[in-house]
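In: Build the 3D model from these lines:
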Amino acid sequence: MQRVLGSYDISVRTSARSQRGIGNHSDFRKSPPDPYRYPVEHSVPLELSLQTFAYRVKIQIMTELLSESISSSDVVENGKSVSPAPISQIPVIDLSNSEDAIIEDLMKALTTIGFATLINHGVPPTLLEKALVASKSFFALSPDIKQKYAFQGSESNRGYIGVGNEVLDVVDGNNTSVMYKESLEIGKEDEPGYNNEWPEEFAETSFRVDLLDYFQAMDTLNLDIMRWIGMGLKLEDPNYLVDRCNGQHENLRLLHYPPLSPDLSNASRANLHTDYGTISILAQDQVGGLQALSIDGTWIDVTPVEGSFVINVGEMLMRWSNDVLKATLHQVRAPPEGLYEDGIPERYSIAFFCNPNKDALLECLEPCCRDQPAKYDPINAHDYITKRLSDTIKDPVKANENADTISQ
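Out: Model (predicted):
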């Protein structure tokens, strides 16, 4: 009997584009989250169950810290310092507009909420379609097969991360909760000393080519955005950031959030966090659930817009810009109870995490230090991202150890 996974038939190993829809669009509003719960039908380690109280307390702490951080950092507008106002929706930026308009809109978004939705970006829709087909095909593999391609460690940042093996919500150095999702991490191809985990089950399909094509398209978009940010910050050399982010030290992350039973409308799919790099470029399906935390402490839905990309500022770009650009706390929540009668559907997204070159030094950009002293000591970009990843993802020796206790 043939076993068909997504659009890749691994018995005959031929590829075809999926004709299935991604799902129904849902625009929903949520209050700040209750502690996550795992489905009752899954066996959950006691140590994870004991973390729910800490998660509730930490949500309050991190919300207050975010409000203090953003309210203390003014936005430079027409040469004058003004306090950012709360916004009620994620800005949409049309990349078919003039470059001046793009830069103005981009800077307004990234110095306030730190998020934006990009439309008319020029990336062929077929690239995203093929990447989503590849993602669905991989996550349809059995747990045992996926385990063959387990995460290699923070230096490599490649491989499969199973449900329960990534932790966010770090307060005072302590990891306080685990998320209900799985991912496949892909880095620069042919990087000396590191290899991507390409599943042999898809060796004779276009799986690898489709994802590398997508990787290249996202890298190109990233460098365009870096140039616009350089121009928006009035850097003496507008290509300063481009020249320090052109080494493809990036991470393509395929993400799958498994379906949940109807009573788990408060389940957390990705806990409160900020991203670590310069910017993140996200493609998401129509299920929804991504939310950003506004400066007034309210959640703003990052509503899916078909064919668009969502971008947000990461910690390293915030450090580089001396907090002028905002790395905003965000999360992924399940849709509220009752929205889906048959249970909470699975969710797919593809994140592209952009980072500076490994030898780049993160020190305050000159225009960002004119009116206030540098808030951060200089640090090597690779050292920073490696440390952050090691704090987040379990040691590869123990990686995926929860896969036997948390069912896929």
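In: how about the helices of this protein, start to end?
Out: Using DSSP state H, the helices found in the chain span residues 46-49, 52-71, 99-110, 125-139, 143-147, 207-232, 240-243, 315-320, 381-392.
In: what about these, which gets the closest to residue 192?
Out: For residue 192, the closest of these is helix 381-392, at 14.0 Å, according to C-beta to C-beta. C-beta coordinates here come from the backbone N, C-alpha and C atoms, glycine included.
In: CA-only coordinates of the closest one, as PDB, when you get a sec.
Out: Extracted as PDB, the C-alpha positions of helix 381-392 are listed here (Å, rounded to 0.1, in the frame of the first residue of the first chain):
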ATOM      1  CA  ALA A 381      26.200  38.600  17.100                       C
ATOM      2  CA  HIS A 382      27.000  34.900  16.900                       C
ATOM      3  CA  ASP A 383      27.800  34.800  20.600                       C
ATOM      4  CA  TYR A 384      24.500  36.400  21.400                       C
ATOM      5  CA  ILE A 385      22.300  34.200  19.300                       C
ATOM      6  CA  THR A 386      24.000  31.000  20.400                       C
ATOM      7  CA  LYS A 387      23.500  31.900  24.100                       C
ATOM      8  CA  ARG A 388      19.800  32.800  23.500                       C
ATOM      9  CA  LEU A 389      19.200  29.500  21.700                       C
ATOM     10  CA  SER A 390      21.000  27.400  24.300                       C
ATOM     11  CA  ASP A 391      18.700  29.000  26.900                       C
ATOM     12  CA  THR A 392      15.600  28.100  24.800                       C
END
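In: Out of the helices of the chain, indicate the one that is most buried.
Out: helix 315-320 (a mean of 25; mean count of other C-beta atoms under 10 Å).
In: what about it, average pLDDT?
Out: When pLDDT is averaged over helix 315-320, the result is 97.
In: same check, this time on stretch 301-311
Out: Stretch 301-311 shows a mean pLDDT of 95.
In: Make TSV from the helices of the chain and add distance to residue 251 to it.
Out: Formatted as TSV, the helices of the chain follow (distance: least, C-beta to C-beta, whole Å):
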stretch	distance to residue 251
helix 46-49	25
helix 52-71	24
helix 99-110	20
helix 125-139	14
helix 143-147	18
helix 207-232	10
helix 240-243	18
helix 315-320	13
helix 381-392	9
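In: among the ones you listed, which is nearest residue 346?
Out: Nearest to residue 346, of all these, is helix 125-139, at 8.5 Å by C-beta to C-beta.
In: gap between the two ends of stretch 303-321?
Out: Distance between the two ends of stretch 303-321: 27 Å, counting by C-alpha to C-alpha, to the nearest Å.
In: Compare the helices of the chain and say which comes out lowest on pLDDT.
Out: Among these, helix 46-49 has the lowest mean pLDDT, at a mean of 32.
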